[in-house]
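Here's a sequence, model it:
(one chain, ligands or ions: 1)
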Amino acid sequence: MAYERKLDLESLYVATELASTKPLTATDPRLAWREAGLPYFACNFALRQRFGRRVQKVSLDAGFTCPNVDGTVAVGGCTFCDNRSFSPSRRLPRAGIRGQIDQSIARMRMRYRNCRDFLAYFQPATNTYAPVERLRTVYEEALSHPQVVGLVIGTRPDCVPKEVLDLLQELSNAIDNSRDRAPSHSDGRGRRQTGTYVSVEFGMQTMHDRSLDWMNRGHHHDAMIDAVARSRGRRFEIGAHAILGLPGESHADMMATAGELGRLGVDAVKIHNLYCVKNTPLADQVARGEVRLMERAEYVRTVVDFIELLSPTIIVDRISGDAPPDYFIGPSWCLDKPAVKAAVLEEFGKRGSWQGMRWL
Ligand code: SF4
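Numbers count the residues shown, from 1 in each chain. Next comes the predicted model:
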């Protein structure tokens, strides 16, 4: 399916402040992750910089749907999407927002004994796809939890009208001094921040329209450019999802998406390989042999190439993805995330490279 809406990309880019044009020096506070010996600006490091302590995300399901599922934009959803697989919370009986937060924190208590601050992560489906007053109620309920210090909101770039961006900006500006939240903190880039931490994750996936058509995404890359341009300067963090190994994309195509992230000037990126879960069109395509999924060694080389091209100021939120084993089809190596991370670190070590080494 081809989508007709076309924006004037040149004029949008003219209006965009391009982060990749800002010179960096070896002592720039935005490069503290390098001084810490990391090969890339890892999300955990960025959160520690921002909050001064460990902060974990708790995944929440507010019961939103998606315009690519309910027929508003398209039907059937993205080729790879089975929303059940996106969030552990989807498999729990629906509890209220605070109830879900309590359940998730209780589950995490064993693993992260000393963690007492959490980000409410609205993960499955499109979490800005509702009337703005409903969004306000849901977000504010999460922020009212005494252990929640911020919001992370996953959404589509074509699903952030002005009134939604206004709400996210308002929440980003709000300061709650009644709790132990630092009213002023570093954003990890040397800028002082006040207010509530809000991060919006846009599903960009790729900069190539033919790949967005393949996945039945229901929008083209111009929607991402537009969403980022309208979000800039509103205080909340702008994130992007990117998928490597999409069918028909060459290595050069994937590296072009890395360059585009710098050109857009996003604050953070989540990267993972194309993986396959049950009951999706992709599962049928893989079963018929029409789509090949990346092997681990190939992914590791590609993701390191990708990160080397990113600006050193972009937070790398994730370098792998997986789904619950009962939904998962493959590739099986995805299920061992620590091994994927170890292989990526080893590849950086072998090359002696780091994020931004080949940033243009
Ligand atoms: S936009 Fe997101 S939630 Fe909607 S169908 Fe695609 S992957 Fe699924």
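
what's around the residue in the stretch 201-350 of the chain positioned nearest to the ligand, how many residues?
For the stretch 201-350 of the chain, the residue closest to the ligand is Gly203, as judged by C-beta to the nearest ligand atom, at 5.5 Å. C-betas here are computed from N, CA, C, even on glycine. Neighbours of Gly203 under the rule other C-beta atoms under 10 Å: 25.

Now the residue nearest to it when sequence neighbours are not counted: phi and psi?
Nearest residue to Gly203, sequence neighbours excluded (C-beta to C-beta, 6 or more residues apart in numbering): His241, at 4.9 Å. Here is the backbone geometry of His241 (degrees, to the nearest 10): phi -90, psi 140.

correct me, but His241 touches Val200?
No. In this structure His241 lies outside contact range of Val200 using C-beta atoms under 8 Å: 11.4 Å.

Neighbour count: those two, which is higher?
Counted by other C-beta under 10 Å, His241 and Val200 do not tie: Val200 has more neighbours, with 29 against 19.

what residues are up against that one?
For Val200, the contacting residues are 128, 153, 155, 160, 168, 231, 236-239, by C-beta atoms under 8 Å, 6 or more residues apart in numbering.

can you pull out the helices in the stretch 151-300 of the chain?
Using DSSP state H, counting those that start in this stretch, the helices of the stretch 151-300 of the chain run over residues 162-173, 209-214, 221-231, 251-264, 281-287, 296-309.

okay, those helices in CSV with mean pLDDT next?
Listed next are the helices of the stretch 151-300 of the chain as CSV, based on pLDDT from 0 to 100:
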stretch, mean pLDDT
helix 162-173, 96
helix 209-214, 98
helix 221-231, 97
helix 251-264, 97
helix 281-287, 96
helix 296-309, 98
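
For these, give me TSV that also has distance to the ligand.
Formatted as TSV, those follow (distance: least, C-beta to the nearest ligand atom, whole Å):
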stretch	distance to the ligand
helix 162-173	16
helix 209-214	10
helix 221-231	11
helix 251-264	17
helix 281-287	11
helix 296-309	20
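
Between those, which one is closest to Leu38.
helix 296-309 (11.1 Å; C-beta to C-beta).

May I see the buried residues of that closest one?
Residues 296, 299-309 are the ones in helix 296-309 that count as buried (16 or more other C-beta atoms under 10 Å).

Give me the neighbour count for the closest residue to the ligand within the stretch 151-300 of the chain.
Across the stretch 151-300 of the chain, the shortest distance to the ligand (C-beta to the nearest ligand atom) belongs to Arg156, at 4.9 Å. By the measure other C-beta under 10 Å, the count of residues near Arg156 is 25.

Next: the one 5 residues further on.
The criterion is other C-beta under 10 Å. On that basis, Pro161 has 11 neighbouring residues.

From Ser172, how far off is the residue of the stretch 151-300 of the chain closest to the ligand?
For Arg156, the distance to Ser172 (C-beta to C-beta, to the nearest Å) stands at 20 Å.

Those residues of this protein touching the ligand, which are they?
For the chain, the residues in contact with the ligand (C-beta under 6 Å from any ligand atom) are 66, 68-69, 77-78, 81, 83, 125-126, 156, 203.

Select from those residues every entry located in strands.
Residues of these located in strands (DSSP state E): Gly203.

ok, which stretches of the protein are strands?
Secondary structure of the chain (DSSP E): strands at 55-60, 117-122, 148-155, 184-186, 192-194, 197-205, 237-244, 268-273, 276-277, 315-318, 328-330.

Of all the residues in the second one, which ones are buried?
For strand 117-122, a neighbour-count test (16+ other C-beta under 10 Å) marks 117-122 as buried.

hmm, back to that, residues in contact with the residue nearest to Gly203?
Going by C-beta under 8 Å, 6+ apart, His241 touches 154, 201-205, 269-272.

Adding distance to Pro338 and pLDDT as columns, could you present those in TSV?
Below are these laid out as TSV (distance: C-beta to C-beta, whole Å; pLDDT from 0 to 100):
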residue	distance to Pro338	pLDDT
Gly154	24	97
Glu201	23	98
Phe202	28	98
Gly203	26	98
Met204	26	98
Gln205	25	98
Val269	21	98
Lys270	17	97
Ile271	17	98
His272	15	97
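
ok, the nearest residue to Asn173 once chain neighbours are set aside - contacts?
In this structure, Asn173 finds its nearest non-sequential neighbour in Gly195, 4.9 Å apart by C-beta to C-beta, 6+ apart. Shown in contact with Gly195 (C-beta under 8 Å, 6+ apart): 172-175, 235.

Pull the most distant pair out of the residues you listed.
The widest separation within those (C-beta to C-beta) is 11.7 Å, between Ile175 and Arg235.

which of these two has more neighbours?
Arg235 (18 against 11).

does that one really touch Gln169, like I thought?
Yes. Assessed by C-beta under 8 Å, Arg235 is found in contact with Gln169 at 6.0 Å.
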